[in-house]
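# Sequence first, then the predicted structure:
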Amino acid sequence: MLWKKSLREALTTTKDLRDFFGQDFAQTPYPILIPIKLAEKIRQAGLDSPLARQFLPSDLENILTKGLRDPIGDLSHQKNTCGVHRYQNRMLFIPTTHCPVRCRFCFRKNILDSADGPFNAGATEDFFQYLREHAEVEEVIFTGGDPFILDDQKLNLYLESLAKISSVRYVRFHTRTPVVLPERITPAFCQLLETWQQRFPVITVALHLNHVSELDNEVEAALGMLRKTGVQLLSQTVLLRTINDNVDDLKNLFMALTNLHVRPYYLHHTDQALATEHFWPDLTRCQELYHQLRRHIPGWALPHYVIDLPGGGGKINAANPAQFIDI
């Protein structure tokens, strides 16, 4: 399939980067994965562009020592090898630790690939058994890694298993795939989603993108195909220093998403993962930025600005950190 071929041909080494971009890049302990079409967009945008800085390795990853291996407490709320139960009525399902791209700011960058990694995507039966024993879980959130790089057959198998558990009513996918590997959104894949959309009251696809430059005609076509399946389309964006921490970039992104019938839902203050300090914006400055943003876009296009508390304590309202919110 075309999307699998794209993954096989992706840039995965510093040599690949040098050959493609014509300059040397830092060797870091963290994997590189950039599909060729995305690499072409980066080359066109420039190596100092917001697009490039999200995906190209930096020597800062080797020398910055602040941050946490597990900044939002996945491990303290892990119940089995592929399940994290942080909120009472919903649970994370991690059926893969692989992604279609490697983001340099990823909050799981220190646990997905470590030799003693905590997640085993091949051991899913314990996860489904846990759901059968915990009827309070109404929503299952596919994450990872990125669940949309699983085969259609594998996704269908997991959805069949969930459909047999009467307490599970809602399904959500957290994904970057339609943005960085839009060829994955095939007619067969969309038919799968449309079929299961009729079984569950709501299936949600939460898209991760941080800058309007990530959108192009192919991405917009993929989002249009997803929209026709009837799934609910939301977005989540990470607030990143020097990439999107200004009113214009955020306004342009959220309005572009709104025009594509994607509801901006989360604006995450950057999680303080180890080796990501160069992406951390100043909270006070970003709170002011968010209040300015309110004056530039309508309320229905404004996402929740949130911080995930270290240790897995949940999300708080970043615009007013004294206000705890469970969203």
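Received it, and whenever you're ready, just let me know what you need.
# Doesn't residue 121 lie inside a strand?
No - looking at residue 121 with DSSP: H, G, I helix; E, B strand; the rest coil, it is coil, so not inside a strand.
# where does it fall, phi/psi-wise?
The phi/psi pair for residue 121 (degrees, to the nearest 10) reads phi -70, psi -20.
# Look at it and report its pLDDT.
pLDDT for residue 121: 70.
# Hmm, it is touching residue 93, no?
No - taking contacts as C-beta atoms under 8 Å, residue 121 lies outside contact range of residue 93: 9.7 Å. Every residue, glycine included, has its C-beta placed from N, CA and C.
# Please, where are all the strands along the stretch 101-250 of the chain?
Ranges of strands within the stretch 101-250 of the chain are 139-142, 170-175, 202-208, 232-239, based on DSSP state E, counting those that start in this stretch.
# How about residues contacting the second one?
Read that as strand 170-175. Residues from elsewhere that reach strand 170-175 (C-beta atoms under 8 Å, 6 or more residues apart in numbering): 90, 138-144, 146-148, 159, 162, 196, 200-208, 236.
# what do you get for the third one?
By C-beta under 8 Å, 6+ apart, the list of residues contacting strand 202-208 from outside reads 169-176, 178-179, 193, 196-197, 223, 226, 230-238, 262, 265-266.
# just for the stretch 151-300 of the chain, where's the confidence low?
Counting by pLDDT under 70, not a single residue of the stretch 151-300 of the chain qualifies.
# And for the nearest residue in space to residue 179 that is not next to it in sequence, the neighbour number?
Spatial nearest neighbour of residue 179, chain neighbours left out: residue 209 (4.8 Å); criterion: C-beta to C-beta, 6 or more residues apart in numbering. Neighbour count for residue 209, taken as other C-beta atoms under 10 Å: 23.
# same question, residue 150
Around residue 150 there are 20 residues (other C-beta under 10 Å).
# Please look at it and residue 96 and confirm they touch.
Yes - under the criterion of C-beta under 8 Å, residue 150 makes contact with residue 96 at 5.8 Å.
# What residues does residue 275 make contact with?
For residue 275, the contact set (C-beta under 8 Å, 6+ apart) comprises 28, 30, 60, 61, 62, 64, 67, 109, 110.
# please redo it, this time with the cut-off set to 7 Å
By C-beta atoms under 7 Å, 6 or more residues apart in numbering, the residues touching residue 275 are 30, 61, 64, 67, 109.
# Helices of the stretch 201-327 of the chain, start to end?
Along the stretch 201-327 of the chain, counting by DSSP state H, counting those that start in this stretch, helices occupy 217-228, 247-259, 283-294.
# from the ones you listed, which stretch is densest packed?
Neighbour counts (mean count of other C-beta atoms under 10 Å) averaged over each of these peak at helix 247-259, with a mean of 18.
# Mind giving me the packing neighbours of it?
The helices and strands touching helix 247-259, judged by 3 or more C-beta pairs under 7 Å, 6 or more residues apart in numbering; DSSP states H and E, are strand 263-269, helix 283-294.
# now with 10 Å?
helix 217-228, strand 232-239, strand 263-269, helix 283-294 (3 or more C-beta pairs under 10 Å, 6 or more residues apart in numbering; DSSP states H and E).
# Tell me which of these sits nearest to residue 100.
Nearest to residue 100, of all these, is helix 217-228, at 12.3 Å by C-beta to C-beta.
# So which elements touch that closest one?
Helices and strands touching helix 217-228, as assessed by 3+ C-beta pairs under 10 Å, 6+ apart, comprise helix 36-45, helix 177-180, helix 187-197, strand 202-208, strand 232-239, helix 247-259.
# which one of those is the most hemmed in?
Buried most deeply of these, by mean count of other C-beta under 10 Å, is helix 177-180, with a mean of 25.
# Identify the contacts common to residue 150 and residue 96.
Common neighbours of residue 150 and residue 96 (criterion: C-beta atoms under 10 Å, 6 or more residues apart in numbering): 121, 142, 144.
# Now for the second one, how many residues are close by?
Think residue 142. A count of nearby residues for residue 142, using other C-beta under 10 Å, gives 25.
# cool, and residue 54?
Residue 54: 27 neighbours (other C-beta under 10 Å).
# Following the chain onward from the helix or strand where it lies, which element is next?
Assessed by DSSP states H and E, residue 54 sits inside helix 50-55. Later in the chain than helix 50-55, the nearest helix or strand by DSSP H and E is helix 60-63.
# If anything else comes up later, I'll come back, but that's it for now.
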